[in-house]
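K.L.:
I need the structure of the sequence given here:
(2 chains)
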Amino acid sequence: DQQVKQNSPSLSVQEGRISILNCDYTNSMFDYFLWYKKYPAEGPTFLISISSIKDKNEDGRFTVFLNKSAKHLSLHIVPSQPGDSAVYFCAASRLSGGSYIPTFGRGTSLIVHP
Amino acid sequence: DAGVIQSPRHEVTEMGQEVTLRCKPISGHDYLFWYRQTMMRGLELLIYFNNNVPIDDSGMPEDRFSAKMPNASFSTLKIQPSEPRDSAVYFCASSLGGQHRARGYTFGSGTRLTVV
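P.N.:
Numbers count the residues shown, from 1 in each chain, chains lettered A, B, ... in the order given. As a prediction, the model looks like this:
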């Protein structure tokens, strides 16, 4: 049972345009949401996060939007650059066993064409 | 800071053999996590440690898997005996305190395991 779903395995975007990566979750107990970026042959790297008490968080070209009623979040990249081509993982955290442990989605592969 | 260091980067072994994956977390980090990535299941948490103590190993798939953290700077994940379905990329990650809640983990580069 997937609690965090990234329904689009891949996304292709032209350089300079907006990339929108989507993520849905099922557990209303999640209280922090994170996005990671992963290049081939490397580990995932933390990109941006958002608390469940917020609906938007922005960091440069990256903005994460949270819609709690729909249990949906999205990552916007504007403008997209070829170097953004990577796999993006959505993750959602909740308190479990005294620590906040994230559950990851399966990832969306973003390709930004020059 | 050298980051989280995993070894080996690649491991090819025959079915039935013992495999040991190694991880050195970032100095000072008190949380260490082992993840496995496969096409079918994505990133799965196998086990995590806090201050060298295993906290949750419910993600360890079978008794063939075991993990240890003898000190704050070293952890191992062992598979004995290995099977072809264990083929995956295994990641180690570390974090300081509860910072990973909002700031995420630092992952290593992973070990690609192939069991033939």
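K.L.:
contact residues of chain A facing chain B?
P.N.:
Within chain A, the positions adjacent to chain B are A:32, A:34, A:36, A:41-47, A:49, A:51, A:89, A:91, A:93, A:96-107 by Cβ under 8 Å from any Cβ of the partner chain. Any C-beta I mention is one placed from the backbone N, CA and C, and that applies to glycine too.
K.L.:
just the buried ones from those residues?
P.N.:
Those of those that meet the buried threshold are A:32, A:34, A:36, A:43-44, A:46-47, A:49, A:89, A:91, A:93, A:99-107, by 16 or more other Cβ atoms under 10 Å in any protein chain shown.
K.L.:
tell me which of those residues fall in strands.
P.N.:
Using DSSP state E, the members of those that fall in strands are A:32, A:34, A:36, A:46-47, A:49, A:89, A:91, A:93, A:99-104.
K.L.:
what's the farthest-apart pair in those?
P.N.:
Among these, the pair separated by the greatest distance (Cβ to Cβ) is A:L47 and A:S99, at 21.2 Å.
K.L.:
of all residues in chain B, which one is nearest the centre?
P.N.:
Nearest to the mean C-alpha position of chain B, counting by Cα atoms, centre = their mean, stands B:W34 at 3.0 Å.
K.L.:
quick one: find the helix or strand in the chain with the lowest mean pLDDT.
P.N.:
All of this is about chain A. Within chain A, no helix or strand scores below strand A:99-104, which has a mean of 86 by mean pLDDT, DSSP states H and E.
K.L.:
that's the other chain; I wanted chain B
P.N.:
Min over SSEs of chain B, mean pLDDT, DSSP H and E: helix B:100-103 (a mean of 77).
K.L.:
any low-confidence regions in the chain?
P.N.:
This is for chain A. Along chain A, segments meeting pLDDT under 70 span A:1, A:97.
K.L.:
um, chain B though
P.N.:
Applying pLDDT under 70 to chain B flags the ranges B:1.
K.L.:
wait, what's in contact with the residue of it most remote from its centre?
P.N.:
Here chain B reaches farthest from its C-alpha mean at B:A102, the gap being 21.3 Å by Cα atoms, centre = their mean. Applying Cβ atoms under 8 Å, 6 or more residues apart in numbering or on different chains to B:A102 gives the contacts A:Y32, A:L34, A:S49, A:S51.
K.L.:
out of those residues, which comes closest to B:N71?
P.N.:
In terms of Cβ to Cβ, no member of the contacts of B:A102 lies closer to B:N71 than A:L34, at 28.7 Å.
K.L.:
mind listing the strands for the chain?
P.N.:
Let's take chain A. Under DSSP E, chain A gives strands at A:4-5, A:10-14, A:19-25, A:32-38, A:45-51, A:56-59, A:62-67, A:72-77, A:86-96, A:99-104, A:108-113.
K.L.:
my bad, chain B
P.N.:
Counting by DSSP E, the segments of chain B that form strands are B:5-7, B:10-13, B:19-24, B:31-38, B:42-50, B:53-56, B:65-71, B:74-79, B:88-95, B:106-107, B:111-115.
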